[in-house]
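Participant: give me a model of this one.
(chains A, B and C)
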Amino acid sequence: MTLDAIPIHVVPRHAGSPPPGEPGLSGNAPPLLRELAEQVRRLLESGEPSAIDLSALPLTPADLDWLREKLGGGEIAVTLQAGGESTLDETACAGVWWVTHRNEQGAVTAQFIEVAFVPELVKAHPQDVAIGREQLELLISDL
Amino acid sequence: MQGPLIESLARQGVSRRTFLKYCATLASMMALPPAAGLAMAEAMAAARRPSVIWLPFQECTGCTESITRSHSPTLEGMIFDMISLDYQMTLMAAAGFQAEEALHNAMKDNAGKYLLIVDGSIPLGQGGIYSCHAGLSSLDMLKEAAQGAAAIVAVGTCAAYGGIPKANPNPTGAVSVSDIVKDKPIVNIPGCPPIPAVMTGVLAHYLTFGSLPELDDKGRPRAFYGETIHDRCYRRPFYDQGKFAKTFDDEGARRGWCLFELGCKGPVTHNACATTKWNGGTSWPVESGHGCLGCSEPDFWDAGGFYKALSMPADPLKFAAAASVAGAATGGAISLANRAKKGAARSAHETITLADLEK
Amino acid sequence: MNELQFLTWVRGPGLDIAIGIFLLGVIWRLFEIYTLGRRKDLAAPRRAAGASGLHTVFRRSLPPPGMMKRSPVSYIGGYIFHIGLAVIVFLGAPHIMLIANLTGLSWPGLPAQIIGLVTVVTMAAMLAMLVDRINKPAKRFLSTFEDWFTWAVTFLPVLTGWLTVQHLLLPYTTMLTLHILSAEILLIVLPFTRLFHTFTLFGSRWYNGSANARKGVPV
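Facilitator: Predicted structure coming up:
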C-alpha cells in the first residue's frame, strides 16, 4: 500500500470551537469561581493563603480556557526559571494568581489557582536572603 | 526550611524554589491537596536519609532503566539524593565480594529500618537455581533481606505478580514477592515497566510521612492505580460514540478514534498512564496509536492476546467441530432408538405417544 | 484466581465449553425432532384458500382475534423484547466483533447510545412481562420453574451487559466477566429448555399449517 492510498482531509477549524475530537465545556468550571470567592474571603479575614489544583479536577481544555478568560489578566506577570519555566500571573482579581509549572522539556506538569497576597514561590526565603547578604559582602570586599 | 537535603541540593545547583516547585507537582500527581506540597517539602528537606537496598532478581532491568530515566538534571534524580542507596547491582560502582560486603553491612547497621526494593520475579523451580547470585538463590536472598526490612517495595509486574517469567507455561516456577514474604508490609508498583514518577512518588510519600500510601486489594497505591486507563483516556468520547479504528493506520486510526477493536485493554487495566504519561509527560501508548497492553495487571501476558478485543474469544474454539459431531451422533442414536420403539409399537398394534418415547 | 484471570478463562475455555454444549444440544435435538417422522396420511389431501405451512408461519405472528384485548402485555411486551434482543445482539458493536471473530462476517452497527436506549426499553418490557405473569392468575397458575428460570437466564445477560457498558455496580472487569458468563449459561441452557423455540419456531408453525391444510383447514 503506497502512501498516496491513505486519504488526507483538511478539517476547517471554526474560531472558538474546540479542535476536532476534543470535548467542549463540561460545566465544571463555574463552581470554581464560587470556591475562589470563598478562599479570597478567608484570605482577607485571616490572612490564610490557599490553592486549587486544576490537574485534579475533571476539566476539559475548553473549561480551562473559559476560566482563564473569565478571570482575566492583572498587572503582574512573574516568570520563574527553576527546573523549567513556571509562570505566576495575577488575574484581574487581585490576590488570585494563575500558576503554571512546566518542566525542562516545556511540558505542563501542574496548574494551580493560588489565592494569596503574594504566591509562595515568589517570596524570598530568609535563609536564601542570608546567603545573598554573604554574596553582597564578598562583592563589597572586592571593590 | 533547613536541613541537609536543601544544602546538598544547593550544592548541586538546585535552588530552593526548584525543590518547592517539584514538591507541588508531586503532591498534585499523588492527588494530595495543594497544602500537602508544602508539608512534603518541609518533611523531605528535614528527613534523614533512610537506607535503601535494591535487590534485582529474575528481571530484564527495564524497571531500573525506567526509574533512572532522568534526563539530567531532573526531578526524579533528586529522590536519589534523599535516600542512601546502599546496594544496587546495576548502578553501584563496587563489584564482587566488596559489593556483597556493602550489602551485609547495610543490612546489619540498619536492621529493622531499611527499605527493601525488589524487581524481578523469584523462580522456585529446581530449588531456585534459575536465578542465583553470589552463591545464593534469589529465594534465599529475599528471605534473608526481608527479615530486617521495614517495608518492601515490589517494583514492576514481575516482582508484584510474577510478570513475563510467570507466563504460560512458567518454566522456571516464577512467583511474586508477596507469594514468599508474608510478614512485612509490601507495596506493589506494577507496570512493565512502571512509570518513573509513580515509583518516586511512593518513595517521597514514605520519606515524608514515614508510612506507605493507601493500597488497594492488589497492594497498589490508590493514588496512581485507583482508576483504569479507560476512565481517564482522552479517546473516551470516541468509545462512547462507537467510533473505533479497525486496523492500524486506517482512517479511524488517523483521526484518533478509540482502539478497543485493536485489542486495547484499557477498560480492565489500572495505571496512571493516561494522566501522568511517559517520558516526562510526552505521550503514552494510546496517544501514540497502540492499544493498552494491560501491563500493570497480573497475568497480562496470558490475558488472551494483545490484539484481541475484550469482546472477542481468547482462545480459538477447540470443541466446536467435535461437539457438532457428538451432537449429530447422539441425535442419530436416539432417533434410531425412537424408530425402533415406534416399529415395535406398530407390530404390537399399540399406540405410542411422544411422552412414551421420551421416557 | 483474580478477576482478570477469571475474565480470560470466561473468554477462553468457558466460551469453548458453552459453544460446544450449545452446538451439541442444538444438533442433537434438531436431529431427534426431524427424524421422528410421521405416519403417512392415507386420506386424500384437500385444499383451502389461505391454508398452507407458509400461511401459518406468517399468520401466527399476529395475535389471534380477541387475544390482543385480553392480554396486550404478552404480545406488545413480547415483540418489544424480542426485537430489542435482536438489535442488541446483532447491531451492537462488541457483539458484531465477536461474530466477526468466530465466522469472519461483519456489518456496521449502531452507536452505543442507541443500543443503550434499546437495552433499557428491552429490560422494561421483560420486567413488564414478569409482572404480568405474576399478576394474571391464569398465567401464574400455568407457570412452572422452567418458565421463571428461562426468564432469568434471558434477563441477566441484558442486565449485566448494560451495567458493564454504563460502568455501574461492580468494577468493569468483574461486570464484563459476569456478562459473558451469563451469556454462556444462556447458551448452555438454550437447547434443553423452552428457549429452543429459537430453532423450532418456524418449523413447527409450518408443520401445523401444512398438516391442517391437508385436511382443508387454515390455522
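Participant: what residues does B:Leu38 make contact with?
Facilitator: For B:Leu38, the contact set (CB atoms under 8 Å, 6 or more residues apart in numbering or on different chains) comprises A:120, B:20, B:23-24. All C-beta atoms are positioned from the backbone trio N, CA, C, and that covers glycine.
Participant: please indicate which of these are buried?
Facilitator: When neighbours are counted using 16 or more other CB atoms under 10 Å in any protein chain shown, these contain these buried positions: A:120, B:20, B:23-24.
Participant: so among these, where is pLDDT lowest?
Facilitator: For the buried ones among the contacts of B:Leu38, the weakest pLDDT value sits at B:Cys23, with 83.
Participant: sec struct for C:Thr122, please.
Facilitator: Three-state assignment for C:Thr122 (DSSP: H, G, I helix; E, B strand; the rest coil): helix.
Participant: can you tell me the number of residues neighbouring the nearest residue to it once chain neighbours are set aside?
Facilitator: Take C:Thr122 and drop its neighbours on the chain: the residue closest to it by CB to CB, 6 or more residues apart in numbering or on different chains is C:Gly84, 3.1 Å away. Around C:Gly84 there are 22 other residues, counting by other CB atoms under 10 Å in any protein chain shown.
Participant: can you say which helix or strand has C:Gly84 in it?
Facilitator: In this structure, C:Gly84 is located in helix C:78-91 according to DSSP states H and E.
Participant: taking the mean pLDDT, what do you get for the helix or strand just after that helix?
Facilitator: Where DSSP H and E defines the elements, the next helix or strand beyond helix C:78-91 is helix C:93-103. For helix C:93-103, the mean per-residue pLDDT is 88.
Participant: and the furthest pair within the contacts of B:Leu38?
Facilitator: A:Glu120 and B:Cys23 (10.8 Å; CB to CB).
Participant: as a whole number, average confidence for stretch C:144-154?
Facilitator: In this model, stretch C:144-154 has a mean pLDDT of 96.
Participant: quick one: low-confidence parts of the chain?
Facilitator: Using chain A here. Flagging of chain A using pLDDT under 70 yields the residue ranges A:1-3, A:5-6, A:11-24.
Participant: look at chain B instead
Facilitator: Across chain B, residues meeting the criterion (pLDDT under 70) sit at B:1-5, B:8, B:47-48, B:70-82, B:93, B:359.
Participant: show me the strands in chain B, by range?
Facilitator: Taking DSSP state E as the criterion, chain B contains strands spanning B:51-56, B:84-88, B:114-119, B:122-123, B:132-133, B:136-137, B:149-155, B:174-175, B:186-189.
Participant: ok, back up a step: quick one: the residue nearest to C:Thr122 from A:Glu85, how far?
Facilitator: Computed with CB to CB, to the nearest Å, the distance linking C:Gly84 and A:Glu85 is 57 Å.
Participant: over to C:Leu91?
Facilitator: Separation of C:Leu91 from A:Glu85 (CB to CB) stands at 52 Å.
Participant: the more surrounded of these two?
Facilitator: C:Leu91 (17 against 14).
Participant: dump the residue contacts of that one.
Facilitator: Residues counted as contacts of C:Leu91 (CB under 8 Å, 6+ apart) are C:109-110, C:115.
Participant: just the ones in helices from those residues, please.
Facilitator: In helices, defined here by DSSP state H, the members of the contacts of C:Leu91 are C:Ile115.
Participant: present the contacts of C:Leu91 as CSV; the columns should include pLDDT.
Facilitator: Listed next are the contacts of C:Leu91 as CSV, based on pLDDT from 0 to 100:
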residue, pLDDT
C:Gly109, 86
C:Leu110, 89
C:Ile115, 93
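Participant: flag every residue of chain A that's near chain B.
Facilitator: Proximity of chain A to chain B is assessed by CB under 8 Å from any CB of the partner chain, with A:6-7, A:20-21, A:23, A:50-53, A:55-56, A:80, A:82-83, A:86, A:101, A:103-105, A:107-110, A:112, A:114, A:120-121, A:125, A:127-128 identified as the residues in range.
Participant: surely B:Thr282 and A:Gln105 touch.
Facilitator: Yes: contact criterion CB atoms under 8 Å: B:Thr282 and A:Gln105 qualify, at 7.2 Å.
Participant: got the contact list for the host helix or strand of A:Val99?
Facilitator: Using DSSP H and E, A:Val99 falls within strand A:96-102. Around strand A:96-102, the neighbours that count as contacts under CB under 8 Å, 6+ apart are A:36, A:40, A:51, A:68, A:71, A:84-91, A:108-116, A:119, A:121, B:21, B:24-25.
Participant: just the CA trace of it, in PDB.
Facilitator: Extracted as PDB, the C-alpha positions of strand A:96-102 are listed here (Å, rounded to 0.1, in the frame of the first residue of the first chain):
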ATOM      1  CA  VAL A  96      -5.900  35.400  42.600                       C
ATOM      2  CA  TRP A  97      -2.900  34.100  40.700                       C
ATOM      3  CA  TRP A  98      -2.900  31.600  37.800                       C
ATOM      4  CA  VAL A  99       0.200  29.400  38.300                       C
ATOM      5  CA  THR A 100       1.500  27.100  35.500                       C
ATOM      6  CA  HIS A 101       4.500  24.900  36.100                       C
ATOM      7  CA  ARG A 102       6.500  23.400  33.200                       C
END
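Participant: okay, buried residues for it please.
Facilitator: A:96-99, A:101-102.
Participant: now, which of those residues sits nearest B:Val155?
Facilitator: Compare each of the buried residues of strand A:96-102 with B:Val155 using CB to CB and the shortest gap goes to A:His101, at 26.7 Å.
Participant: residue contacts, B:Cys132?
Facilitator: With CB under 8 Å, 6+ apart, B:Cys132 has these contacts: B:Ser138.
Participant: show me the contacts for the closest residue to chain B within chain C.
Facilitator: With CB to the nearest CB, the shortest gap between chain C and chain B falls at C:Phe31, namely 2.5 Å. By CB under 8 Å, 6+ apart, the contact list for C:Phe31 reads B:327-328, B:330-332, B:334-335.
Participant: ok, back up a step: for the contacts of B:Leu38, which one is nearest B:Gly252?
Facilitator: B:Ala24 (39.1 Å).
Participant: among the contacts of strand A:96-102, name the buried ones.
Facilitator: By neighbour count, with 16+ other CB under 10 Å, the contacts of strand A:96-102 hold A:36, A:40, A:51, A:68, A:71, A:84, A:86, A:88-91, A:109-116, A:119, A:121, B:21, B:24-25 as buried.
Participant: out of those residues, who's near chain C?
Facilitator: Restricting these to those near chain C by CB under 8 Å from any CB leaves nothing, as none qualifies.
Participant: on that earlier part again, would you mark the buried spots in the helix holding C:Gly84?
Facilitator: Buried residues in helix C:78-91 (16+ other CB under 10 Å): C:80-81, C:84-85, C:87-89, C:91.
Participant: need these in a markdown table (columns: distance to B:Asp299).
Facilitator: As requested, the buried residues of helix C:78-91 are exported to a markdown table (distance: CB to CB, whole Å):
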| residue | distance to B:Asp299 |
| --- | --- |
| C:Ile80 | 42 |
| C:Phe81 | 38 |
| C:Gly84 | 36 |
| C:Leu85 | 34 |
| C:Val87 | 35 |
| C:Ile88 | 31 |
| C:Val89 | 30 |
| C:Leu91 | 33 |
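Participant: ok, of those, which one's closest to C:Val131?
Facilitator: Proximity of the buried residues of helix C:78-91 to C:Val131 was ranked by CB to CB; the top entry is C:Phe81 with 13.2 Å.
Participant: so that closest one is in contact with C:Met126, correct?
Facilitator: Yes: taking CB under 8 Å as the definition, C:Phe81 is a contact partner of C:Met126 at 5.0 Å.
Participant: spatially, what comes nearest to B:Cys264 if we skip its sequence neighbours?
Facilitator: The shortest distance from B:Cys264 to any non-neighbouring residue, by CB to CB, 6+ apart, is to B:Gly291 (3.0 Å).
Participant: count the neighbours of the one you found for me.
Facilitator: 22.
Participant: ok, it - contacts?
Facilitator: If a contact means CB under 8 Å, 6+ apart, then B:Gly291 has B:259-260, B:262-266, B:285, B:306-307 as its contacts.
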